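Novice: Here is my input; please provide its structure:
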Amino acid sequence: MRKLWGVLAVGLTLFSAPVARAETLADALIAAYRNSNLLEQNEAVLRAADEGVAQAVAALRPVIQWAAAADWGRSGSDSSFFASRDTGFSTSLSLSASLTLLDFGRNKLGIAIAEGSVKAARQSLIGVEQNVLLTAVQAYVNVTFQASIVNLRESNVRLITQELRAASDRFEVGEVTRTDVALAQAALAQARAGLASAQGQFNVAREAYKAATGKYPGRLAALPKLPATANSLDAARNVALRTHPNIIQAQKLVEVADLQVALAKAQLSPTISGRASLSENSNTNAGGVDTQQLSLNFNQTIYAGGALASGVRRAIAQKDQQRAGLNQTVVQIDQQVGQAWANIAVSRASIVAGDEQIRAAQVAFDGVREEAALGARTTLDVLDAEQDLLDARAGRVEAEANLYVAVYQLLSSMGLLTVDHLRLGVPTYDVDSYYRAVRNAPAHSAQGKKLDRILKSIGN
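Specialist: Okay, here's the model as predicted:
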């Protein structure tokens, strides 16, 4: 009776004990997004691009400056016995304001160029996000794959150990020769070496997982259902052309290059600016002088040694460079889509073939083992059959891992490997928040305090 209650108590304890939840692929992706230094770095790059708009806007506003100076001096003649010297102390204070009245669109072009650069930087940030998430997928899949290989290797060591015992027992009764025992011993040593290598690869995969997500993997859940991609290769390519961040970024850079050409041509136009100044000068000997001044300035570069014309030609060359870069980016993304699609097809075929290979290798191994027990097969035959079965199982696991990676590579090449598209439910970086706060170039004011709060929230 006491034993029965003891068994029941143990059973209730095991039933009520909390079971640690396995880490899922979604957990790994969320951790990678939250802990990525690359994302943090490129978010700062985007904020710097946002400030470029603020600086371009500030160029349209007046510049107000003040200056103050104080001088002391003494002068005189030593030509006579009684030297005469004058000592004086003077101060000056000035306040000036200058404003560009007309620059024939140069400043407005500068704002448009800065805004285009912001749009390109936003797409670059999406590209980094895709790379971070793809690296996390590869790390997660590789850990599960290497863990499976370790399990297969451990099973292989146990099975060959049993074969070695059987060969030794049969040698004792004279059914086999010492050669059979030596073959089993060699196979066991090879199996242990394979296990050590698999364990090493598993540890390497754990390090890659930590680098991608910020921590070592715990108990990982099985690979989830594959996400939906596209119904055909052409459909995948069409989506990639519309949504891939690298292509959109290249398009924005072409637009910026066009504006740069217009800006280079606008540098040939004159500039009209106004200036107002107010100054006060005081001298201990001569009194003080107040000055007010208004000025209107016209200037235009007539000749600069060919620098302005060269600037236009360089801008045109850079525009051609960006257009060629866009075309090359389209080619590369199209190639990536095709490669990922082909890898998916290969992996699916390998899985089907692997299943057939495992079934056949299992039947062969069981048959060879039975025949060896009857003396119709040698120990070497059994070991070869066991190796074939191990290779089949390892190939099947690898094909499944390759399929998962290929599917997520296809999503990445389509421009869809993002937190929002995967619906991970994690807050993402708001690219508009900082931009809205700085685009009008706020000074230190209530707007500046609001900006400080935004920066603090971004840091947290």
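Novice: Now do the helices in the stretch 51-200 of the chain.
Specialist: Counting by DSSP state H, counting those that start in this stretch, the stretch 51-200 of the chain has helices at residues 106-172, 178-213.
Novice: Select, out of these, the one closest to Val331.
Specialist: Proximity to Val331 (CB to CB) singles out helix 106-172 among the helices of the stretch 51-200 of the chain, at 16.7 Å. Glycine gets a C-beta too; all of them are placed from N, C-alpha and C.
Novice: chain center to the closest one, what's the gap?
Specialist: Centroid separation between helix 106-172 and its chain, computed with CA atoms, centre = their mean, to the nearest Å, is 14 Å.
Novice: Angles on the backbone of the residue lying closest to Arg206 once chain neighbours are set aside, please.
Specialist: Nearest residue to Arg206, sequence neighbours excluded (CB to CB, 6 or more residues apart in numbering): Tyr216, at 5.6 Å. As for Tyr216, its main-chain torsions (degrees, to the nearest 10) stand at phi -70, psi 150.
Novice: ok, so what distance separates Tyr216 from Glu23?
Specialist: Noted for Tyr216: a distance of 10 Å to Glu23, by CB to CB, to the nearest Å.
Novice: Looking at those two, which is more packed in?
Specialist: Legend: neighbour count by other CB atoms under 10 Å for Tyr216 and Glu23, higher for Glu23 (19 against 10).
Novice: show me the contacts for the more buried one.
Specialist: Residues near Glu23 by CB atoms under 8 Å, 6 or more residues apart in numbering: Pro217, Gly218, Arg219, Leu220, Ala221.
Novice: The residue nearest to Arg206: what's it in contact with?
Specialist: Tyr216 is in contact with Arg206, Tyr209, Lys210, counting by CB under 8 Å, 6+ apart.
Novice: so what pLDDT did it get?
Specialist: Looking at Tyr216, its pLDDT reads 95.
Novice: about what we covered before: turn the contacts of Tyr216 into TSV, columns for pLDDT.
Specialist: TSV is the format used below for the contacts of Tyr216 (pLDDT from 0 to 100):
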residue	pLDDT
Arg206	96
Tyr209	96
Lys210	96
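Novice: quick one: which of those residues is most hemmed in?
Specialist: Going by other CB under 10 Å, Tyr209 tops the contacts of Tyr216 with 25 neighbours.
Novice: So which bits of the longest strand anywhere in the chain are buried?
Specialist: Criterion DSSP state E: the longest strand present in the chain is strand 84-102. Judged by neighbour count using 16 or more other CB atoms under 10 Å, the buried positions of strand 84-102 are Ser90, Ser92, Ser94, Ser96, Thr100.
Novice: I'd like those written out as TSV, with pLDDT and distance to Arg396 added.
Specialist: Converted to TSV, these look like this (pLDDT from 0 to 100; distance: CB to CB, whole Å):
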residue	pLDDT	distance to Arg396
Ser90	83	92
Ser92	86	87
Ser94	89	83
Ser96	88	79
Thr100	86	71
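Novice: Contacts only, for the most centrally placed residue in the chain.
Specialist: For the chain, the residue nearest the mean C-alpha position is Val128 (3.0 Å; CA atoms, centre = their mean). With contacts taken as CB under 8 Å, 6+ apart, Val128 has the following neighbours: Ser36, Leu38, Leu39, Asn42.
Novice: Select, from those residues, the two members most distant in space.
Specialist: Pairwise distances across those (CB to CB) peak at 9.2 Å, for the pair Ser36 and Asn42.
Novice: Look up how far Thr329 lies from the nearest residue to Val256 once chain neighbours are set aside.
Specialist: Leaving aside its chain neighbours, Val256 sits nearest to Gly116 (4.0 Å; criterion: CB to CB, 6+ apart). Distance of Gly116 to Thr329, given as CB to CB: 17 Å.
Novice: And those two? Which one has more around it.
Specialist: Comparing Gly116 with Thr329 by other CB under 10 Å, the one with more neighbours is Gly116, at 23 against 18.
Novice: Just give me the neighbour total for Leu278.
Specialist: By other CB under 10 Å, the residues close to Leu278 number 14.
Novice: Secondary structure element holding Tyr435?
Specialist: Applying DSSP states H and E as the criterion places Tyr435 in helix 431-438.
Novice: where are the low-confidence patches of the stretch 151-300 of the chain?
Specialist: Across the stretch 151-300 of the chain, the ranges flagged by pLDDT under 70 are 284-289.
Novice: how about Gly395, what does it touch?
Specialist: Ser350, Gly354, Gln357.
Novice: any idea how far it is from Ala361?
Specialist: As judged by CB to CB, Gly395 and Ala361 stand 10 Å apart.
Novice: ditto for Val346
Specialist: Taken as CB to CB, the span from Val346 to Ala361 is 21 Å.
Novice: returning to what we had before: tell me how many other residues crowd the nearest residue to the residue nearest to the centre of the chain once chain neighbours are set aside.
Specialist: Closest residue in space to Val128, ignoring its immediate chain neighbours: Asn42 at 4.7 Å, by CB to CB, 6+ apart. Number of residues near Asn42 (other CB under 10 Å) recorded here: 21.
Novice: Residues contacting the strand or helix carrying Asn42, please?
Specialist: According to DSSP H and E, Asn42 maps onto helix 37-58. Contacts with helix 37-58, where a contact means CB under 8 Å, 6+ apart, come from 33, 107, 110-111, 113-115, 117-118, 120-122, 124-125, 128-129, 131-132, 429, 431, 434-435, 438-442, 458.
Novice: Show me how to select, in ChimeraX, the buried members of these.
Specialist: Listed next is the ChimeraX selection for buried residues among the contacts of helix 37-58, using 16+ other CB under 10 Å:
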select :33,107,110,111,113,114,115,117,118,120,121,122,124,125,128,129,132,429,431,434,435,438,439,441
